[in-house]
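Peer 1: pasted the sequence and its predicted model underneath.
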Amino acid sequence: MAIHPTALVDPAAQIDPQADIGPFCIVGPGVSIGARTRLMAHVFLEGPLAIGEDNIFFPYSTAGVAPQDLKYRGEPSQTRIGSRNRIREFVTIHRGTEGGGMLTCLGDDNLLMAYVHVAHDARIGSHIVLANGVTLGGHVIVEDFAVVGAFTGLHQFTRVGKHAMIGGYSVVTQDVLPFSMTVSPREIKIYGANKTGLERRGFSAASIDSLQKAFRLLASPSLNTSQAIARIAAEIPPSPEIDDLVAFLRASSRGVVK
């Protein structure tokens, strides 16, 4: 058994001889860890928690910690994690509550990217990708092979069907259909030049005024981007800032926020 001398492992924890416990990890009582599971460093595990085989926990991840539910009263709820999961940096997986079945569980072959939060009583299937910063509220269910894009928030009690894909930065307040591609409506707008920031960096009032005029042309509903570029060239005196703006516009392959 490979346990780093700086790790703190409770005598009541059950560690498979083939597991690997890295530097400064803390493994509490009631934790069981399967064969070839590796805790890289600074991982915190609290029981009751059962972890299967061939998982890897990256630094500063936690599992089995008490939930943030104010109704939680210290009941001996559990966390269960399957096999071959990749738990990246700063992931938090909280144990269940009496009101949600006493169990938070994670299946097999999942990737939880950095800063994912799995709240109490969530049920995560297998072969799932939760991208950076995904937040699952309590009692959320995510079925097999689903993919959830970065910084998406799922409201408590919502379900994500199998093979669904949710676009990044979505706010999910209702169930997501299996086999679907789903994304929240997005409305992003430009509000003109970054006047305060440019002033702080020493840009002249004339340069900022030219940029404001250029942004007004770009935002005009009567002009497409090519027409706006032509108007900028015809109506605004050349300057390094305007040249940079026009070059950026012409190099865009995905379109620009207007």
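Peer 2: The structure has been received and is ready for your questions. Residues are numbered from 1 along each chain as shown.
Peer 1: L111 is in contact with V91, correct?
Peer 2: No: between V91 and L111 there is no contact under C-beta atoms under 8 Å: 10.3 Å. C-beta here means a position set from N, CA and C on the backbone, and glycine is covered the same way.
Peer 1: neighbour-wise, which of these two wins?
Peer 2: V91 (24 against 15; other C-beta atoms under 10 Å).
Peer 1: tell me the contacts of the more buried one?
Peer 2: F58, S61, T62, A63, L112, M113, A114, Y115, V116, H117, V118 (C-beta atoms under 8 Å, 6 or more residues apart in numbering).
Peer 1: around the second one, how many other residues sit close by?
Peer 2: Spelled out, that is S61. Look at S61: counted by other C-beta under 10 Å, it has 24 neighbours.
Peer 1: for it, which non-adjacent residue is spatially closest?
Peer 2: Leaving aside its chain neighbours, S61 sits nearest to V91 (4.4 Å; criterion: C-beta to C-beta, 6 or more residues apart in numbering).
Peer 1: coming back round to it: including distance to P23, could the contacts of V91 go into a markdown table?
Peer 2: A markdown table is the format used below for the contacts of V91 (distance: C-beta to C-beta, whole Å):
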| residue | distance to P23 |
| --- | --- |
| F58 | 13 |
| S61 | 14 |
| T62 | 16 |
| A63 | 18 |
| L112 | 22 |
| M113 | 23 |
| A114 | 19 |
| Y115 | 22 |
| V116 | 23 |
| H117 | 25 |
| V118 | 25 |
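Peer 1: and of these, the nearest to G138?
Peer 2: Proximity of the contacts of V91 to G138, judged by C-beta to C-beta, is greatest for V118, which lies at 9.7 Å.
Peer 1: for the closest one, what are phi and psi?
Peer 2: Torsion angles at V118 (phi, psi; degrees, to the nearest 10) stand at phi -110, psi 110.
Peer 1: show me the contacts for it.
Peer 2: V91, T92, I93, H94, T104, L106, L112, I124, L130, L136.
Peer 1: wait, what's in contact with the last one?
Peer 2: In this structure, L136 makes contact with V116, H117, V118, A119, A122, I124, L130, V142, L154, judged by C-beta under 8 Å, 6+ apart.
Peer 1: show me what it is bridged to.
Peer 2: V118, L154 (DSSP bridges).
Peer 1: repeat for the fourth one
Peer 2: Listed beta-bridge partners, H94: V65 (assigned using DSSP bridges).
Peer 1: ok, now which ones touch it?
Peer 2: Neighbouring residues of H94 by C-beta under 8 Å, 6+ apart: G64, V65, A66, P67, Q68, T79, T104, V118, A119, H120.
Peer 1: now the residue nearest to the fourth one when sequence neighbours are not counted: how far from A35?
Peer 2: Spatial nearest neighbour of P67, chain neighbours left out: H120 (3.5 Å); criterion: C-beta to C-beta, 6+ apart. For H120, the distance to A35 equals 28 Å [C-beta to C-beta, to the nearest Å].
Peer 1: ok, these two, which is more surrounded?
Peer 2: H120 (30 against 13).
Peer 1: ok, that one touching T97?
Peer 2: Yes: between H120 and T97 there is a contact under C-beta under 8 Å: 4.9 Å.
Peer 1: in the stretch 101-250 of the chain, which spans are helices?
Peer 2: Using DSSP state H, counting those that start in this stretch, the helices found in the stretch 101-250 of the chain span residues 195-200, 205-219, 225-235, 240-251.
Peer 1: pick the most deeply packed of those helices.
Peer 2: Burial of the helices of the stretch 101-250 of the chain is given as mean neighbour count (mean count of other C-beta atoms under 10 Å); helix 205-219 ranks first at a mean of 17.
Peer 1: tilt between that helix and helix 240-251?
Peer 2: Here helix 205-219 runs at an angle of 20 degrees relative to helix 240-251 (axes from the mean of the first three to the mean of the last three C-alpha atoms, to 10 degrees).
Peer 1: other SSEs contacting helix 205-219?
Peer 2: helix 195-200, helix 225-235, helix 240-251 (3 or more C-beta pairs under 8 Å, 6 or more residues apart in numbering; DSSP states H and E).
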